[in-house]
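# pasting the sequence and the predicted model now:
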Amino acid sequence: MRSGRVAALIAAGVAVGAAASGCGTASDEGSDGKLTVVTGIYPLEWLAVQVGGDHVEVTNLTEPGAEPHDLELSPPQIRTIHNADVNFFITGLQPAVDDAIAKEGGERALDVADLVDLLPFDEAAHDHDATDHDHDATDDGHDHGHDHAHEDEGDDHGHDEGAGDGHDHGDEDPHMWQDPELMAEAATGLAERLAEADPDHADDYTANAERVGTELDAIDDEFSSGLKECKSRELLTNHSAFGYLAHRYDLNQVGISGLDPESEPSPARIAEVARLVKDKEITTVFTETLASPVVAETIADETGAKTAVLDPVEGITDESPGTDYPSVMRANLAAIQEGLGCS
């Protein structure tokens, strides 16, 4: 994985250097000479700060603690998109951002969906219903190494009303930041775009992307080794926001509700999940920092399971188990290891 990213970054640097004399930015730089980068959600903000370093000014449109899927933009925020050098976003995640970028900043858009392979919803959801097949908790037959491809696994995983929600995300799951390797790929693509807009600092963007790629590889290593041997592989979550994590590390995500954390699961869905908890002997129901825990706590009470908290890493608040993307991801790893009985 890393050799491919390095080659891409080197090639981008050569190309930018050759074209530097005729290359300009798509819009005016910030008043302090920095490139302006606009993001819609925290993980991309973190990535832009890491890759851009001192040469960029990053504005995130979603306030900490706000539900990013339901973001509504103010006129000043739309002007920010219009004036940005780079609009860094994930199509299908935030409809208001998609619409504003299409109208005001499409020519300066950098869509993560063009940088990484997003998973189809049916593959990312990886949800099980109460009749799904058994899964060996320790001998799973999957490769947990770095070259784990996000291909169709060929299983016919059960789906139900918990896999859908009221938001139109398109055909692909946009929650790619739950996979550190996809974040590293996005860092490479962002560095290339920043280098095109600001050739004088192309080498810095390349070096920053390589550095953050190393950090993300380390997180991936920790997840791969930390989740290799677990008593259970059933990841029962408040909503289906952890499909990429489950897919990469061969867990079975069971979302009580769909991709919208505010959606209410039906009584039939709640009963179905409760049966699954008993059938699979699931011991932990994971709630989330930005979603109501009521339904998850009800299922836990009815089945004798305990609850634990996972952070979807959609924003950093005082309630977050860390101060940035790496620390929250590592806190999530620790919570999953405890909840699934990993050794």
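Thanks, I have it. Everything numeric in this text was worked out from a predicted model, so none of it was measured.
# strands of the stretch 201-343 of the chain, start to end?
All strands of the stretch 201-343 of the chain, identified by DSSP state E, counting those that start in this stretch, fall at 234-237, 252-255, 284-288, 306-310.
# quick one: residues contacting residue 319.
Shown in contact with residue 319 (Cβ atoms under 8 Å, 6 or more residues apart in numbering): 65, 289. C-beta coordinates here come from the backbone N, C-alpha and C atoms, glycine included.
# thinking again about what came up before, which one of the strands of the stretch 201-343 of the chain lies closest to residue 85?
With Cβ to Cβ as the criterion, residue 85 lies closest to strand 284-288 of the strands of the stretch 201-343 of the chain, at 33.5 Å.
# so how far is stretch 290-306 from its chain's centroid?
24 Å (Cα atoms, centre = their mean, to the nearest Å).
# from now on call the first residue 16
Done: numbering now begins at 16, and the last item shifts to stretch 305-321.
# tell me how far the top helix by length along the chain lies from the chain's centre.
Longest helix in the chain by number of residues (criterion: DSSP state H): helix 217-241. Computed by Cα atoms, centre = their mean, the separation of helix 217-241 from the middle of its chain amounts to 15 Å.
# packing partners of it?
Packed against helix 217-241 by the contact rule (3 or more Cβ pairs under 8 Å, 6 or more residues apart in numbering; DSSP states H and E) you find helix 17-34, helix 57-67, helix 195-212, helix 258-263, helix 340-355.
# roughly how far does the nearest residue to residue 340 once chain neighbours are set aside sit from residue 267?
Closest residue to residue 340 apart from its sequence neighbours, by Cβ to Cβ, 6 or more residues apart in numbering: residue 61 at 4.4 Å. Taking Cβ to Cβ, to the nearest Å as the measure, residue 61 and residue 267 are separated by 28 Å.
# pretty sure residue 136 contacts residue 259?
No: with contact defined as Cβ atoms under 8 Å, residue 136 does not count as touching residue 259 (11.7 Å).
# joint contacts of these two?
In terms of Cβ under 8 Å, 6+ apart, residue 136 and residue 259 are both contacted by the residues residue 188.
# of these two, which one has the most company?
residue 259 (27 against 21; other Cβ atoms under 10 Å).
# list the contacts of that one.
Counted by Cβ under 8 Å, 6+ apart, residue 259 has contacts 134, 139, 188, 190, 191, 192, 193, 194, 197.
# apply 6 Å and report the result again.
By Cβ atoms under 6 Å, 6 or more residues apart in numbering, the contact set of residue 259 is 190, 191, 193, 194.
# excluding its backbone neighbours, what's nearest the first one?
Same thing as residue 190. residue 256 (5.4 Å).
# mind checking the end-to-end distance for stretch 312-326?
16 Å (Cα to Cα, to the nearest Å).
# how about stretch 314-324 as CSV, C-alpha atoms only?
The C-alpha coordinates for stretch 314-324 follow below in CSV (Å, rounded to 0.1, in the frame of the first residue of the first chain):
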residue,chain,number,x,y,z
ILE,A,314,-31.8,-3.8,24.0
ALA,A,315,-28.9,-4.3,26.4
ASP,A,316,-31.3,-4.3,29.4
GLU,A,317,-33.6,-6.8,27.7
THR,A,318,-30.8,-9.2,26.8
GLY,A,319,-28.4,-8.8,29.7
ALA,A,320,-25.7,-7.3,27.5
LYS,A,321,-23.6,-4.4,28.6
THR,A,322,-23.1,-1.1,26.8
ALA,A,323,-19.9,0.7,25.7
VAL,A,324,-19.3,3.8,23.6
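# just give me the neighbour total for the residue nearest to residue 190.
28.
# do residue 263 as well
23.
# do residue 298 as well
Quick note: residue 298 (other Cβ under 10 Å) scores 20 neighbours.
# now do the same contact list for it.
So residue 298 contacts residue 320 (Cβ under 6 Å, 6+ apart).
# domain ranges for this structure, per the record?
As given by automatic domain parsing, the domain ranges for the chain are 17-132+189-235, 136-186+247-355.
# out of these, the one nearest residue 241 is which?
domain 136-186+247-355 (5.5 Å).
# re the thing from before, confidence-wise, which of the domains of the chain is weakest overall?
Among the domains of the chain, domain 136-186+247-355 carries the lowest mean pLDDT, at a mean of 77.
# can you get me the start-to-end distance on that domain?
24 Å.
# please apply the same query to stretch 302-312.
8 Å.
# please compute how far it lies from its chain's middle.
That offset, for stretch 302-312, works out to 19 Å (Cα atoms, centre = their mean).
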